[in-house]
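Visitor: Structure, please.
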Amino acid sequence: MTTGTPRPPLRSRSWFGDGGKNGFIARHHLRAMGRGGHNFDGLPVIGICNSFSELTPCNGHLRPIAEAVKRGVLQAGGFPLEFPAMSLGEPFLRPTSMLYRNLAAMEIEEQIRANPLDAVVLLTGCDKTTPAALMGAASAGVPAIVFTGGPMLNGRFRGRAVGSGTDIWRMTEELRAGTVTQEEFTEFESSLNRSAGHCMTMGTASTMACLAEALGMMLPGASGLPAVDARRGTLAEETGMRAVELAGSELTPARIMTRAAFENAVRINAAIGGSTNAVVHLLAVAGRLGVPLTLDDFDRLGAELPLLVDLMPSGRFLMEEFAYAGGLPALIDSVRDHLDPGAVTVTGRTLLDNCAGARVHDPAVIRPLTDPVLPAGTGTAVVRGNLAPDGAVIKQSAAEPRLLRHTGPALVFDALEDYLAVAEDPDLDITADTVLIVRNTGPKGYPGMPEVGNLPLPKKLLDAGVRDMVRVSDARMSGTAFGACVLHVAPEAAVGGPLALVRTGDPVRLDVPARTLDVLVGEEELARRRAAWRPPAPVAGRGWTRLYTEHVTQADTGADLDFLVGSTDSTPPRQAF
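Guide: Now for the predicted structure:
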């Protein structure tokens, strides 16, 4: 906002601008913290929503990032006030961090709405913190800008780069197969995470950071720089400065995250080889804003661009190389003819204007359209059929190509624990052609839709040299994972979806090119099974989990709470005194 231009009325004046009792109460408690009266004299109040937590290692470095944001706010003439948000860490939260994404989003929304904030900086990092922040900010309707903590430096193990998540899955399977010793595994563990930051593969954290930038909610280039790169501190300052300019403006999340912005994000997700989790998160964010977005949009729009970023798990490199190759701005500029030119961003300029002239410095990492990693239409695909009438997803680039058309007998487990109990059994009745199905792992059934869809292969097959097989579930999988895993099956088994009707031995046919997933059993037989099916006992009887299971929607609409969809309101609440 240009100096001298009159500011629109600030939301915070409803708290601090009152000359009577209500204003006194709002101001004098801040004076007790050493904040002088000049802070209340019409300065825009900028909330810094910090998801720092030592229980979320990926976000454990956000304290100094918050200080950098505050410097930027102060330099631009704003009044920064930091507040905590529920932090969702992948390593520790059980049964799954996804169970709490909607709770964190609800908390962020309510904190923004209930407090005297004119704009908000959302500090995120780990997988669910970024979508939760976007969802909460979207519903609160106050100007907001995202700043993620950045990826870790590359892991280094015995002279080669290794990636969090992706190489964990590989090494774990090789340990089970006996091709890696426990000593090697421990050495690998101590070599993988060398700095602060989130996973440095194109997992969910990196994907959602890139997509927050593609949606227009971050400053250009903020998604890729490593967490410990000094330039990230500079960007944090600039983010704080921009938040002051956003304060009181009409450039709210709803004005930025339009249908055009979501279309751009879906296309970019295909070009970066993004996580399948992006599907459920973008659907949820769009749902908060009432933006029409469906599973079919991911299939159709995602097929417009090939895979161009050569990163694990679909490629060779890691986020360090992506950042140094030019990062997201360079990728966006290279595919600008495929993106909507009118999508505006937090800068006030369009996404394409932000990235104009950005150069690709390493074409081995960010490939040209004429030499993609994989051709268009080989990213995340949506399959439907009598096993998934409302859809399921599969990341084609992460699967062995031979398995994308496959028919085999089902081996069905009603619970993840049931499968894990026999996964090491050398006499398990399973072959490489078997379709492994684990159900009751969806939003209601687990509850929370955990990242277990990349089921560990049976040791019997590992010992035989098998490293991939078709796996079907109503769960998710880590964005760092790989394999021929059909995920997010909707409706899920716990609500009576067809996945609940499959029996061991039923032939199951997956045909990704035809976008189908079917159990080859007659409709009359399925009807008999449906009539005999009984819903499982409720998982939880109290607290958040009960509220969640009673109101969570299915994966094909974002797994949000039904009463939060399409609700945006920035109106200050009623006075308390």
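Visitor: Tell me which residues are up against the one helix or strand in the chain whose mean pLDDT sits lowest.
Guide: Of all regular secondary-structure elements in the chain, judged by mean pLDDT, DSSP states H and E, the least confident is helix 21-31 with a mean of 87. Residues outside helix 21-31 that contact it (Cβ atoms under 8 Å, 6 or more residues apart in numbering) are Trp15, Phe16, Gly17, Asp18, Gly37, Asn39, Phe40, Pro116, Gln575, Phe577. Every C-beta, even on glycine, is put in place using the N, C-alpha and C of the backbone.
Visitor: State the phi and psi torsions of the residue lying farthest from the centre of the chain.
Guide: Taking Cα atoms, centre = their mean as the measure, the residue most remote from the mean C-alpha position of the chain is Gly20, 45.1 Å away. When read as degrees, to the nearest 10, the backbone of Gly20 gives phi -100, psi -150.
Visitor: can you check Asp390 too?
Guide: Note on Asp390: backbone dihedrals following degrees, to the nearest 10 are phi -100, psi 10.
Visitor: Could you tell me how many residues sit around the nearest residue to Val291 once chain neighbours are set aside?
Guide: Closest residue in space to Val291, ignoring its immediate chain neighbours: Arg259 at 5.4 Å, by Cβ to Cβ, 6 or more residues apart in numbering. By other Cβ atoms under 10 Å, 15 other residues sit near Arg259.
Visitor: next one: Arg405
Guide: Arg405 has 13 neighbours, counted by other Cβ under 10 Å.
Visitor: got a list of what it touches?
Guide: Residues counted as contacts of Arg405 (Cβ under 8 Å, 6+ apart) are Leu510, Asp511, Val512, Pro513.
Visitor: Tell me the secondary structure at Val285.
Guide: helix (DSSP: H, G, I helix; E, B strand; the rest coil).
Visitor: Ok, His488 next?
Guide: Applying three-state DSSP: His488 is strand.
Visitor: Please shift the residue numbers so they start at 52 in all later answers.
Guide: All right, first residue 52 from here; so that's His539.
Visitor: Convert the helix or strand where Glu601 lies to CSV, retaining C-alpha atoms only.
Guide: Assigned by DSSP states H and E, Glu601 falls within helix 594-602. The C-alpha atoms that make up helix 594-602 are tabulated as CSV, following Å, rounded to 0.1, in the frame of the first residue of the first chain:
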residue,chain,number,x,y,z
GLY,A,594,-14.2,-35.5,22.6
TRP,A,595,-12.8,-34.4,19.3
THR,A,596,-12.7,-37.9,17.8
ARG,A,597,-16.4,-38.3,18.4
LEU,A,598,-17.2,-34.9,16.8
TYR,A,599,-14.9,-35.8,13.9
THR,A,600,-16.4,-39.2,13.2
GLU,A,601,-19.9,-37.8,13.3
HIS,A,602,-19.3,-35.0,10.9
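Visitor: so which helix or strand takes in Glu468?
Guide: When elements are assigned from DSSP H and E, Glu468 belongs to helix 467-471.
Visitor: swap in Arg293?
Guide: Applying DSSP H and E as the criterion places Arg293 in helix 281-297.
Visitor: what's next to the very next helix or strand once past that helix, contact-wise?
Guide: Counting by DSSP H and E, the element after helix 281-297 in chain order, helix or strand, is helix 304-307. With Cβ under 8 Å, 6+ apart as the test, helix 304-307 has contacts from 185, 188-189, 192, 194-195, 266-268, 340, 394-397, 619.
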